[in-house]
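Participant: model the structure of this input:
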Amino acid sequence: IDVECVFIGGKINFGHFMIEALARVSTLSWAPSLQTLPIAVYEDLPRNHVEFLELLGYTADRRIAVSRQGPASFTRVWLLSAPICRTSVTAFPYIWPSSIWGLRAAMAYLAPGDVKHQKRLFIPRRGARWRRLVNESSVQVTLSKFGFESVDLATDGAEDQIRRVAAAEMIVVSQGAAGAITVFSSPHCVVIELMPPRFAATLGPTAFSAVLNQPYHRIVGRVATADEAAAVGLPPNQSTQTIDRDYVIDLAELETALMAADTYLKQGPANSPPMMPPMNNMTRS
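Facilitator: Model prediction:
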């Protein structure tokens, strides 16, 4: 590659793409001399991923496609440090809050203004081969009592995903890649994450809620048996790893959390705040 550029790459997994690629792109706002350069991304990125890059201004003429299968040679290339990362699998997570605020600020033009009827969204983990919420249908029945709609954001374009999430007052998400979209949710949005046991998941909604000072609650389920999964029509789990076990959420615990969140929202602001923070939040460590 003879053109000077910034290497971004990008994972196929949506959650990793958001954390490892899109957050990196947002840091370019702190390097004006690099903002005019094209970015090098993998040629097999899903169209949905590419749409997020285009919303940041990286249209086809500003992207250089490189192969994921082999090394690429560059005359002059810039590599950016990861603003959200762990140095190893067991290491403590590191998060640069300004990268999250910067990404939100770049997409702020898509955020709704005065939201009269805010939504409550459930983001399931549909089509997963492992780490599945076995009693998802029962969870949906419980959520419906509180006005939730179940949405498969993968069928929406990037712009629609951001607009939907930014307008939500409450989001319940099954742990997985789709949870990364909560980076665009309102700081007043209540996020409830449904989790399998013994799973850290510190760099998704947990990280975003910490930076946004967002109301966040985690419900950890119990391990589901193979018979329970089969009883609801799920095929055998395709992973043998402990962290990938299927799980069941306690409905009573979920309902208690939803009632508490409902009370909080009734006492809180009626409209979503802007996606950009006060200036002091841009620089806090």
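Participant: show me what contacts the nearest residue in space to Arg62 that is not next to it in sequence?
Facilitator: For Arg62, ignoring the flanking residues on the chain, the nearest one in space by C-beta to C-beta, 6 or more residues apart in numbering is Pro38 at 4.7 Å. Where you see a C-beta, it was placed from the backbone N, CA and C, and this is true even at glycine. With contact set as C-beta atoms under 8 Å, 6 or more residues apart in numbering, Pro38 has these partners: Val3, Cys5, Val6, Tyr58, Asp61, Arg62, Arg63, Ile64.
Participant: now, among the residues you listed, which is nearest to Thr256?
Facilitator: Tyr58 (44.0 Å; C-beta to C-beta).
Participant: next, count neighbours for the closest one.
Facilitator: By the criterion of other C-beta atoms under 10 Å, Tyr58 has 19 neighbours.
Participant: confirm it sits in a helix?
Facilitator: No. Read with DSSP: H, G, I helix; E, B strand; the rest coil, Tyr58 is coil and lies in no helix.
Participant: hang on, isn't it packed against Ala40?
Facilitator: No. In this structure Tyr58 lies outside contact range of Ala40 using C-beta atoms under 8 Å: 10.7 Å.
Participant: now name the helix or strand holding the closest residue to Ala177 other than its chain neighbours.
Facilitator: Leaving aside its sequence neighbours, Ala177 sits nearest to Gly15 (C-beta to C-beta, 6+ apart; 3.5 Å). If you go by DSSP states H and E, Gly15 is part of helix 14-16.
Participant: average model confidence for that helix?
Facilitator: Averaging pLDDT along helix 14-16 gives 93.
Participant: next, the buried residues of that helix.
Facilitator: Neighbour-count burial for helix 14-16, counted by 16 or more other C-beta atoms under 10 Å, picks out Phe14, Gly15.
Participant: please state the offset of that helix from the chain centre?
Facilitator: Computed by C-alpha atoms, centre = their mean, to the nearest Å, the separation of helix 14-16 from the middle of its chain amounts to 7 Å.
Participant: what's the next secondary structure element after it?
Facilitator: Beyond helix 14-16 in the direction of the C-terminus, DSSP H and E gives the next helix or strand as helix 23-26.
Participant: and the contacts of that next one?
Facilitator: By C-beta under 8 Å, 6+ apart, the surrounding residues in contact with helix 23-26 are 8, 39, 53, 56, 58, 80, 82-84, 99-100, 102-103, 106.
Participant: filter those residues to the buried ones?
Facilitator: For the contacts of helix 23-26, a burial check counting by 16+ other C-beta under 10 Å picks out 8, 39, 53, 56, 58, 80, 82-84, 99-100, 102-103, 106.
Participant: among those residues, which are in helices?
Facilitator: Per DSSP state H, helices hold the following members of those: Leu53, Ser99, Ile100, Gly102, Leu103, Ala106.
Participant: how near is the third one to Thr87?
Facilitator: Spatial separation of Ile100 from Thr87 under the definition C-beta to C-beta, to the nearest Å is 19 Å.
Participant: again, but for the second one
Facilitator: Relative to Thr87, Ser99 is positioned 17 Å away (criterion: C-beta to C-beta).
Participant: likewise for the fifth one?
Facilitator: Noted for Leu103: a distance of 22 Å to Thr87, by C-beta to C-beta.
Participant: now the first one
Facilitator: Summarising the geometry, the distance separating Leu53 from Thr87, computed by C-beta to C-beta, is 26 Å.
Participant: sec struct for Ser209, please.
Facilitator: helix.
Participant: that older thread, export the ones in helices among the buried ones among the contacts of helix 23-26 to a markdown table and tack on distance to Ala177?
Facilitator: Output for these, formatted as a markdown table (distance: C-beta to C-beta, whole Å):
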| residue | distance to Ala177 |
| --- | --- |
| Leu53 | 17 |
| Ser99 | 19 |
| Ile100 | 17 |
| Gly102 | 22 |
| Leu103 | 17 |
| Ala106 | 21 |
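Participant: now do the end-to-end distance for stretch 235-249.
Facilitator: 19 Å (C-alpha to C-alpha, to the nearest Å).
Participant: having no further points to raise, I will conclude here.
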